[in-house]
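Trainee: Sequence and predicted structure below; questions after.
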Amino acid sequence: MSTDAIVILKDEHKEIRKLFRAFRSAGENAQKEKGRLVDKIIEALTVHTYIENECMYPKVRDLVPALDDDVLESYEEHHVAYVLVTELAAMSPSDERFDAKTTVLIENVEHHIEEEEDEWFPQVREHLGRKKLQEIGAEMLELKKEAPRSPAQPSALKKTLDAVLA
């Protein structure tokens, strides 16, 4: 397994997209399956945003000041995802707006992933290089062990978002 921060994040993006595809293909009357998939999506996004917010984003802001605006936009996108994930975690798959809210979450996260992978990951790689990205990746893997698995868990994720967005 690579410890390159960008490789780690892209691998997580692949897993998240896989969950999104499974949700979309579950069918209209597959409430139980959709509920299970949304639980997995919530966990994956909670862990992923935690390691980005706590490690990757602060490092990029510090080491690549030219990307500060991109990182701030990413924090905002994480905030939107956090709100949607929190609301979904409190809903039942039978709720009228469950599918619609999940679809909005998916669309927002897919947009966020595209921006990261297409626009700023290449710039981060160019500025930081392999060694620094491996150091950051190792830190992210350690953080992942303690990452919250749901938005209901008290976490530094909400504190970080609140602090950055204040």
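Mentor: In hand now; what should we look at?
Trainee: ok, which stretches of the chain are helices?
Mentor: 5-25, 31-51, 57-63, 68-89, 98-115, 121-146, 156-165 (DSSP state H).
Trainee: Quick check: Val104 vs Gln31, distance?
Mentor: Using C-beta to C-beta, to the nearest Å, Val104 is found at 18 Å from Gln31. Just so you know, the C-beta spots here come from the backbone N, C-alpha and C atoms, and that holds for glycine as well.
Trainee: Mean neighbour count and mean pLDDT for the helices of the chain - can I get that in JSON lines?
Mentor: Shown next, in JSON lines, are these (neighbours: other C-beta atoms under 10 Å; pLDDT from 0 to 100):
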{"stretch": "helix 5-25", "mean neighbour count": "17", "mean pLDDT": "97"}
{"stretch": "helix 31-51", "mean neighbour count": "20", "mean pLDDT": "95"}
{"stretch": "helix 57-63", "mean neighbour count": "17", "mean pLDDT": "96"}
{"stretch": "helix 68-89", "mean neighbour count": "18", "mean pLDDT": "94"}
{"stretch": "helix 98-115", "mean neighbour count": "17", "mean pLDDT": "97"}
{"stretch": "helix 121-146", "mean neighbour count": "16", "mean pLDDT": "96"}
{"stretch": "helix 156-165", "mean neighbour count": "16", "mean pLDDT": "56"}
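Trainee: got the CA positions of stretch 12-30 in PDB?
Mentor: Taking Å, rounded to 0.1, in the frame of the first residue of the first chain, the C-alpha atoms of stretch 12-30 are listed here in PDB:
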ATOM      1  CA  GLU A  12     -10.700   6.500  -1.200                       C
ATOM      2  CA  HIS A  13     -12.400   8.500  -4.000                       C
ATOM      3  CA  LYS A  14     -12.600   5.200  -6.000                       C
ATOM      4  CA  GLU A  15     -14.300   3.400  -3.100                       C
ATOM      5  CA  ILE A  16     -16.700   6.300  -2.500                       C
ATOM      6  CA  ARG A  17     -17.600   6.400  -6.200                       C
ATOM      7  CA  LYS A  18     -18.200   2.600  -6.100                       C
ATOM      8  CA  LEU A  19     -20.700   3.100  -3.300                       C
ATOM      9  CA  PHE A  20     -22.400   5.900  -5.300                       C
ATOM     10  CA  ARG A  21     -22.800   3.600  -8.300                       C
ATOM     11  CA  ALA A  22     -24.200   0.900  -6.100                       C
ATOM     12  CA  PHE A  23     -26.800   3.300  -4.700                       C
ATOM     13  CA  ARG A  24     -27.800   4.600  -8.100                       C
ATOM     14  CA  SER A  25     -28.200   1.000  -9.400                       C
ATOM     15  CA  ALA A  26     -30.100  -0.300  -6.400                       C
ATOM     16  CA  GLY A  27     -33.500   0.500  -7.900                       C
ATOM     17  CA  GLU A  28     -36.500   2.500  -6.700                       C
ATOM     18  CA  ASN A  29     -37.900  -0.100  -4.300                       C
ATOM     19  CA  ALA A  30     -34.700  -1.200  -2.700                       C
END
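Trainee: Good, wrapping up.
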